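Participant: okay, here's the prediction I keep looking at, along with the sequence it came from:
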Amino acid sequence: MVYKAKKWIYARAFSGEPKLDDFRLEEETMPEIREGEFLARAEYLSVDPYMRIYILAYPVGSVMIGGQIAKVLESKNSDFPVGAYVFGQFGWRTYSICNPAGIEIRKPYVLPDFGSLSRSLGIGVLGTVGNSAYFGVLELCRPKKGETMVVSGAAGAVGSIAGQIGKIKGCSKVIGLAGTNEKCAWLKEIGFDNAINYRTDNVEQELKLAAPDGVDCYFDNVGGQISATVRKQMNVFGRIAVCGTISMYNNKPVLVEDPQRDYVWKQLVQEGFSVHRWTDRWFDGIDQNLKWIQQGQLKYRETITDGFENMPSAFIDMMRGGNIGKAIVRVL
């Protein structure tokens, strides 16, 4: 059978916020698969903040990067049988041919059994997103019972999970920072003790009210001035996990006043991370997050855009904060 793939091309270098004409839709006819390969059709595709920065390492004209859930249609690889659903970093394309032997990191894998839950969670709470929260909180923030935790970008895919894991691990207070009242209300629904609208509230004042005894751990998704404000209110020996710096992705970094003083005086530990540091424990995170979902301890939300043709607009909307929870494109 002949398959014609659609693919979105990184057509023009981003200048500030990505624009629709920075992308170009193309088609290609897929060749026959070779020994060790499989061909899969995309079902759900992910749009994530990291794509804005990571694509800069690729030449203009490359297929946009990203993960997806896909169904294996043809296979000459026994580990990826026909009919299986897989997660793979195949990029923004509807059909992909993959030889896992040629991939050193971020290898594709067959989705574990999610029971009655949607396969879309494989690019969300039961995939890279959930593992970013799981390992970032447990390995770097290391919350202790009775401590106070702050999460920026808290209504996003990773932040919303990170805050809930903080509560599961015994934090007496988890405070989320988000950009709309709707997002703040949702954070309280899923177990955050407080939520601050950083667009309309005075973050410094509201954080002092919400955390009068200071902040012990901070899961940082945004960087910039918001993170400088949180650091000022952190306690001695506080821990910071830096998952992202989305506030600076579209603009030049903004210098904040004397950032070193907080680190020295409070003896803070800050560590950035890529979730693929824990590839050897990947399914530990997925299995535990799945158990917490089944036990009712971990809640999630998806913002789904229908239609592969809408990939760029979904990506741009996500970068503007238009999503609550995980932003996903469903191929129709």
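Facilitator: Structure received.

Participant: show the subsequent helix or strand relative to the strand or helix carrying Phe219.
Facilitator: Here Phe219, judged by DSSP states H and E, is contained in strand 215-220. Of the helices and strands lying after strand 215-220 in sequence (DSSP H and E), the nearest is helix 224-232.

Participant: right, and Leu73 touches Arg41 too?
Facilitator: Yes: between Leu73 and Arg41 there is a contact at 5.7 Å, judged by C-beta atoms under 8 Å. Any C-beta I mention is one placed from the backbone N, CA and C, and that applies to glycine too.

Participant: any residues touching the helix or strand bottoming out on mean pLDDT in the chain, and which ones?
Facilitator: The helix or strand of the chain with the poorest confidence is helix 259-266; it has a mean of 79 (mean pLDDT, DSSP states H and E). For helix 259-266, the surrounding residues in contact (C-beta atoms under 8 Å, 6 or more residues apart in numbering) are 228, 231-232, 234-238, 268, 270.

Participant: please check the residues you listed and keep the buried ones.
Facilitator: When the contacts of helix 259-266 are checked for burial by 16 or more other C-beta atoms under 10 Å, the buried set is 228, 231-232, 234-235, 238, 268, 270.

Participant: among those, which pair sits farthest apart?
Facilitator: Greatest spatial distance among the buried ones among the contacts of helix 259-266 (C-beta to C-beta): Ala228 and Asn235, at 16.2 Å.

Participant: now Gly115: closest residue in space, sequence neighbours ignored.
Facilitator: If the residues on either side of it in the chain are set aside, Gly115 comes closest to Gln294, at 7.7 Å by C-beta to C-beta, 6 or more residues apart in numbering.

Participant: apologies, that question was intended for Ser62.
Facilitator: Tyr10 (5.1 Å).

Participant: kindly report the same for Ala70.
Facilitator: Leaving out its chain neighbours, the residue that sits closest to Ala70 by C-beta to C-beta, 6+ apart is Ala40, at 3.6 Å.

Participant: now do the same for the one you found: its pLDDT.
Facilitator: For Ala40, the pLDDT comes out at 98.

Participant: okay, now Ile304: neighbour count?
Facilitator: Residues lying near Ile304 (other C-beta atoms under 10 Å) number 15.

Participant: pLDDT averaged over the strand holding Phe219, what's the number?
Facilitator: Averaging pLDDT along strand 215-220 gives 98.

Participant: which residues does Ile97 contact?
Facilitator: Contacts of Ile97 (C-beta under 8 Å, 6+ apart): 30-31, 33, 37-39.

Participant: tell me the helices in the chain, going along the chain?
Facilitator: Using DSSP state H, the helices of the chain run over residues 50-54, 128-135, 157-168, 181-189, 203-210, 224-232, 259-266, 282-294, 311-319.

Participant: need the ones you listed in JSON lines with distance to Val331, can you?
Facilitator: Shown next, in JSON lines, are the helices of the chain (distance: least, C-beta to C-beta, whole Å):
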{"stretch": "helix 50-54", "distance to Val331": "17"}
{"stretch": "helix 128-135", "distance to Val331": "19"}
{"stretch": "helix 157-168", "distance to Val331": "19"}
{"stretch": "helix 181-189", "distance to Val331": "27"}
{"stretch": "helix 203-210", "distance to Val331": "39"}
{"stretch": "helix 224-232", "distance to Val331": "34"}
{"stretch": "helix 259-266", "distance to Val331": "43"}
{"stretch": "helix 282-294", "distance to Val331": "23"}
{"stretch": "helix 311-319", "distance to Val331": "10"}
